[in-house]
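> based on what follows, work out the 3D shape:
(chains A, B and C)
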Amino acid sequence: MFEYLNQVQNIKTIITIGSMALFCVGLFGLLTKKHFIKIFISIAIMESSLFLFFIGLSYNSSLVAPILTKNHQNFSQMNDPIPHAMILTAIVIGMSVLALGISFAIEYYKVTGKTKIDEMKDLRH
Amino acid sequence: MSFKRDISTSSLSGFTLSAILILTILSILIQNIPKQITTAGDKLLELNSQEGVSNAVTSVVVYFRGFDTLGEIAVLFIASLGIGLMLSNNTKCDIKAQSNFMLKTAAKILFPIILLFGIYIIVYGHLSPGGGFQGGVIIASAILLLVISYQNFELSHKIIELLETFAGISYVLIGLIGLIVLDKFLGNFLPSNISNMGMLLSGGIIPIIYIIIGIKVGSEMSLIVQNLIRRAQ
Amino acid sequence: MIGLIILCTFIGIIIIAFASIIQNKLVDSIILFMGVGLGSVVLFTIFKAPDVALTEAVIGTGVSSLIFLMALKHLKATK
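From the prediction side, this is the model:
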């Protein structure tokens, strides 16, 4: 069973199904829960699943990390550095947008005192 | 008219199960990708051997894709601005609980160690995994330790403003100098020989830009952390 | 061997994420969300991406959970 799971297409299948299942768990939490902090946690879980998907698909088990060391002296046979750079930017931006959203929600709670999204109907006529 | 969110649990589980089924079919289709594809990353790895920087991800983030990093710093700045504006500034803050004596002593000992570790990760960003973003947030976590332990500790707003402005302006200034000297925005105008690879002073402007990013991210995250904790009452 | 490790880590992350959403208290929910971040760091290390693992460990597990905990403190302070 170890050799069956070590083939390249089976590893990619595991990564795809696993990260998409995590995305579905986050989606379930986003649609069902009513407290706004749980909704923010579900959004953060969905973002994490996409980062795992992106880096997992560009993973090759026979290459090394893209950094020069004592054992590896030249820039060949390395993993792709471009997805790493893009995901670095995406993680930082995701965190900053989450912080801004939470501060908006806290201010709304201080003004009106409601935490569940069922009761937030000030803008409805 | 009342607004009810009555999506039942059974329909939601049916939805997620069908989503997993569709994605299983997609993953079977992925298996037909050919094994050997040449991507842009291989070309960048070849180009990187002329820059003289050991960490390939650093050179992609700072040099080959430096403009995206400038946009990311702008997004961080806007988020920090929004948080500072939104949280209301109640000056009536009665301090209810004093911290534990163990916490105060441990924070006094640990703060310089964590600060030094953060500065190490920023400065060695082009030789080992790390860089400006990671080191900046580590510095902010050292400041967080002090803010939790001592109730009277406040970072002076003027110094943080000065650091942020200086870092932001010098990033754009370095880009403009590159434009004047080399006809390329954020071009590498300092000497970067391959013979220096592995030393601290190598790679031209790449370590300098990462230090500037580290200063900016560190000061911004410290301000965000202090705003979130101090303006609670 | 690597395929088995990746499979077990994914199953662990999915179970922890599901447990984080269906909790009753909010403090437990936030602490289990830190567990998702930790499993994510382990997976990034297996995928040979050290920069991304360091960034996710510092930002995703450290500062992001801190923001949630501070939000909880604001909610309880003005009750």
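> wouldn't A:Asn79 be in contact with A:Val64 here?
Yes. The pair A:Asn79 / A:Val64 is scored as a contact, 7.0 Å apart, by Cβ atoms under 8 Å. For glycine as for every other residue, the C-beta is placed from the backbone atoms N, C-alpha and C.
> now do the shared contacts for the two.
Contact criterion Cβ atoms under 8 Å, 6 or more residues apart in numbering or on different chains; residues shared by A:Asn79 and A:Val64: C:Lys48.
> those two - which one has more neighbours?
A:Asn79 (24 against 14; other Cβ atoms under 10 Å in any protein chain shown).
> so for the more buried one, what's the nearest residue that isn't a sequence neighbour?
Nearest non-adjacent residue to A:Asn79, counting by Cβ to Cβ, 6 or more residues apart in numbering or on different chains: A:Leu63, 5.0 Å away.
> count of neighbours near the one you found?
Counted with other Cβ under 10 Å, residues neighbouring A:Leu63 total 13.
> phi, psi for it please.
phi -110, psi 170 (degrees, to the nearest 10).
> show me what contacts it?
Contacts of A:Leu63 (Cβ under 8 Å, 6+ apart): A:77-79, C:48.
> swap in A:Ala44?
A:94, A:98, C:33, C:60, C:64.
> tell me the contacts of the first one?
Contacts for A:Gly94 (Cβ under 8 Å, 6+ apart) come out as A:44, A:47.
> where does it fall, secondary structure wise?
helix A:81-112 (DSSP states H and E).
> equivalent analysis for the last one, please.
In this structure, C:Ser64 is located in helix C:64-77 according to DSSP H and E.
> what do you get for B:Gly135?
helix B:132-149.
> quick one: that helix to helix A:81-112, angle?
Here helix B:132-149 points in a direction 30 degrees away from that of helix A:81-112 (axes from the mean of the first three to the mean of the last three Cα atoms, to 10 degrees).
> which helices and strands sit right next to helix B:132-149?
helix B:101-123, helix B:206-230, helix C:50-55 (3 or more Cβ pairs under 8 Å, 6 or more residues apart in numbering or on different chains; DSSP states H and E).
> mind running it again at 6 Å?
helix B:101-123, helix B:206-230 (3 or more Cβ pairs under 6 Å, 6 or more residues apart in numbering or on different chains; DSSP states H and E).
> closest to chain C out of the ones you listed?
helix B:206-230 (4.2 Å; Cβ to the nearest Cβ).
> in that closest one, which residues are buried?
Across helix B:206-230, burial judged by 16 or more other Cβ atoms under 10 Å in any protein chain shown covers B:206-230.
> show residues contacting it.
B:53, B:62-63, B:76, B:80, B:83-84, B:87, B:122, B:125-126, B:131-133, B:135-137, B:139-140, B:143-144, B:147, B:155, B:160, B:163-164, B:167, B:170-171, C:70 (Cβ atoms under 6 Å, 6 or more residues apart in numbering or on different chains).
> count of neighbours near B:Ile148?
15.
> now a PyMOL select for only the buried ones of the contacts of A:Leu63.
A single PyMOL command selects the buried members of the contacts of A:Leu63 (16+ other Cβ under 10 Å):
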select buried, (chain A and resi 78+79) or (chain C and resi 48)
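> from the contacts of A:Leu63, which shows the smallest pLDDT?
Minimum pLDDT for those is recorded at A:Gln77 (79).
> rewinding a little: any chance of the helices and strands packed on helix B:132-149 in JSON lines, with mean pLDDT too?
As requested, the helices and strands packed on helix B:132-149 are arranged in JSON lines below (pLDDT from 0 to 100):
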{"stretch": "helix B:101-123", "mean pLDDT": "93"}
{"stretch": "helix B:206-230", "mean pLDDT": "90"}
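> so which of those helices is nearest A:Ala85?
helix B:206-230 (13.0 Å; Cβ to Cβ).
> count the residues that sit near A:Leu5.
The burial count for A:Leu5: 17, using other Cβ under 10 Å.
> per-residue pLDDT, it?
So, for A:Leu5, pLDDT stands at 76.
> mind listing what it touches?
Counting by Cβ under 6 Å, 6+ apart, A:Leu5 has contacts C:3-4.
> what do you get if the cut-off is 7 Å, keeping everything else the same?
C:3-4, C:7 (Cβ atoms under 7 Å, 6 or more residues apart in numbering or on different chains).
> closest to A:Val111 among the residues you listed?
Closest to A:Val111, out of all of the contacts of A:Leu5 and judged by Cβ to Cβ, is C:Leu7, at 47.7 Å.
> if we can go back for a sec, look up how far C:Asp51 lies from the residue nearest to A:Asn79.
16 Å (Cβ to Cβ, to the nearest Å).
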